[in-house]
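Asks: sequence first, then the predicted structure, then my questions.
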Amino acid sequence: MSGYRLLAEAHGRLRTRVGAAFPGTRAVFRGQDLHAELGDLDYLDLYHYGITGRRLSAAQLRLLHAIWVNTSYPDARLWNNRVAALAASARSPVSLGMTAAMAVSDAMVYGGQPGLWAMAFFKRMVAAVDAGASLADCVLAEARDHTVYGYGRPINSTDERIPWVMAKARQLGLDQGRHILIAFEIERILLTYRPQLKMNYAALHAAFAADMGLSVPEYHVLRMPVFMAGIAPCYVEASEAVEGTLLPLKCDDICYEGREKRTWVAE
Amino acid sequence: MSAAPSKELVHTRIWQEEAEPDNPFATRVARCHGYDVYGDMLGKASWIEMLYLLFRGERPSAQQVALLETLAVALANPGPRAPMVHAAMCGGVAGSTAAASLMAALAVGAGQNGGAREVWLAMQAWEACGTDLALWHGHLSRPPQSGVDIWPEMAHPAGFAPHGEQATLPVLQLLAHLARHAPELAWLQQQRIALEAAAGLPMGMLLPVAATLHVLGFTAEQGEMLVLLLRLPGAAVHALEQWRYGFKRFPFFPVELTDDPAGKVSA
């Protein structure tokens, strides 16, 4: 079907299989009555179900909670958190500050993109090994060609979150999944190539998500609010402080490196 | 109170500030690429000149001003059917904050289908192909490239209308007007039919927009930002207008639920 016929076909109504609200009576969520069948669900369980249409096991859900809890850093210097805090200091509503903070978290040097690339990398490596390739050859080839996302971290290459989450994974019996095992195997290979390429949290999260059966697009949606619990306190504290006092900059805090003074001649 | 000297600097080639003598946090003089904004530019420089100066670092020529002005008028309001304006109206109609309505417009207007990312892609194509029809044939014969990215897969060649039957009158009018300003834009007008044949789709508004931004010397990244900015006025006024109309006069659409546990087909 080409031209505007696809638009005509979709015109005038919402055709959906994920659900609908029937005000005054009920709501449907992915084929189930939200109140009668899903009303007691853990919120993260429902969130994952809404994205994938599948349910996590109780252990997987506890691990996912642990992954998110252990990366909730209420430090307003962090770029995404700082957006929310600056919004609060500027006396902007929490909805704007927090959604903007989450939007900027879909970044290239942290957050969204490295996680996606790491998951795609793991799935690629698993497929290559299954096809008979040497993991070391594949990993080193990728490392020579471009940045391997999920390994290395600015400031300090040791990721303090990983031992805590791995301890939880062991406790839950989820530390032997295919992707998490290959993630650590890749770390061992990369460390022989560059000692600073230790596994980071993006890799850990992506590997466990892959072990939970998520595709790359599903993971992208799932991880979107991952920093929210760390962002919120930054907003709250800045909103309680005197307005405009968060990280104020003096005029001479600007290091100007541009053109010399010049005159705008009217034409 | 600590008086330790600050070492945290903002580096910029765009903006320079001198402080008031009695307050290091208050600006006495602000210069944009060397020009004194409040002491010299006010009353002499136009909004379009300021915009160009900010992005390019130099004053535009009279011809560049006329071309960017034309583009700004063309982009100012995509109209209430446009998804980004529709999104802004979803904010306006329910009394959301002004910024929330504009953030909604930015989120939707950022996309690869009719949004700023499509301009970014089209500008990259323009940079690669220029006014070489053979290169355009090669470019358009290849399916759009997509990898693992936060951006969804591109489903049509950038700059062409996926649901169009033929180039619309506004596209033809914009092309005709732009063609008077630069030989590259005249070429685009002359080759429209050949390009449409190669793409298998009619030309959309965003290919002339991308070509014009390229002719003006903007990078694809700058073009993407400019398109986001220049389309906000329409989103703003339609959001404001819907609040006055009220939600009872805003479309809500019937739903066709395909996975309803109650067995209902529609509501």
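Replies: Thanks, I have the structure now.
Asks: hmm, the helix or strand where residue A:206 lies touching chain B?
Replies: If you go by DSSP states H and E, residue A:206 is part of helix A:201-211. No - judged by C-beta under 8 Å from any C-beta of the partner chain, helix A:201-211 makes no contact with chain B; its nearest approach is 10.9 Å. For every residue, glycine as well, the C-beta is placed using N, CA and C.
Asks: so how far is that helix off the chain centroid?
Replies: Centre-to-centre, helix A:201-211 and its host chain are 10 Å apart (C-alpha atoms, centre = their mean, to the nearest Å).
Asks: just checking, what packs against that helix?
Replies: Helices and strands touching helix A:201-211, as assessed by 3 or more C-beta pairs under 8 Å, 6 or more residues apart in numbering or on different chains; DSSP states H and E, comprise helix A:58-69, helix A:112-130, helix A:162-172, helix A:178-193, helix A:216-222.
Asks: now do the helices in the stretch 151-267 of chain B.
Replies: Using DSSP state H, counting those that start in this stretch, the helices of the stretch 151-267 of chain B run over B:169-179, B:183-190, B:192-199, B:206-215, B:220-230, B:232-245.
Asks: tell me which of these is the most buried.
Replies: Comparing the helices of the stretch 151-267 of chain B by mean neighbour count (mean count of other C-beta atoms under 10 Å in any protein chain shown), helix B:206-215 comes out on top with a mean of 25.
Asks: about what we covered before: residue B:10 is nearest to which of the helices and strands packed on helix A:201-211?
Replies: Closest to residue B:10 of the helices and strands packed on helix A:201-211 is helix A:112-130 (C-beta to C-beta; 24.7 Å).
Asks: before we move on, the earlier item: take the helices of the stretch 151-267 of chain B and write them to CSV, including distance to chain A and mean pLDDT.
Replies: Formatted as CSV, those follow (distance: least, C-beta to the nearest C-beta, whole Å; pLDDT from 0 to 100):
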stretch, distance to chain A, mean pLDDT
helix B:169-179, 15, 98
helix B:183-190, 23, 98
helix B:192-199, 13, 98
helix B:206-215, 18, 98
helix B:220-230, 13, 98
helix B:232-245, 14, 96
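Asks: rewinding a little: okay, the helices and strands packed on helix A:201-211, which one's buried deepest?
Replies: Highest mean neighbour count among the helices and strands packed on helix A:201-211 (mean count of other C-beta under 10 Å): helix A:112-130, a mean of 20.
Asks: that one near chain B at all?
Replies: Yes - Helix A:112-130 reaches chain B (C-beta under 8 Å from any C-beta) through A:112-113, A:116-117, A:119-120.
Asks: which parts of the helix or strand following that helix are buried?
Replies: Next along the chain after helix A:112-130, taking DSSP H and E as the criterion, comes helix A:135-145. Neighbour-count burial for helix A:135-145 flags A:135, A:138-140, A:142-143 (criterion: 16 or more other C-beta atoms under 10 Å in any protein chain shown).
Asks: tell me how far helix A:135-145 is from the chain's mean position?
Replies: Worked out by C-alpha atoms, centre = their mean, helix A:135-145 lies 25 Å from the chain centre.
Asks: looking at that helix now, give me its mean pLDDT.
Replies: Averaged over helix A:135-145, pLDDT sits at 93.
Asks: equivalent analysis for stretch A:17-27, please.
Replies: pLDDT averaged over stretch A:17-27 gives 95.
Asks: also stretch B:53-68?
Replies: Rounded mean pLDDT across stretch B:53-68 is 98.
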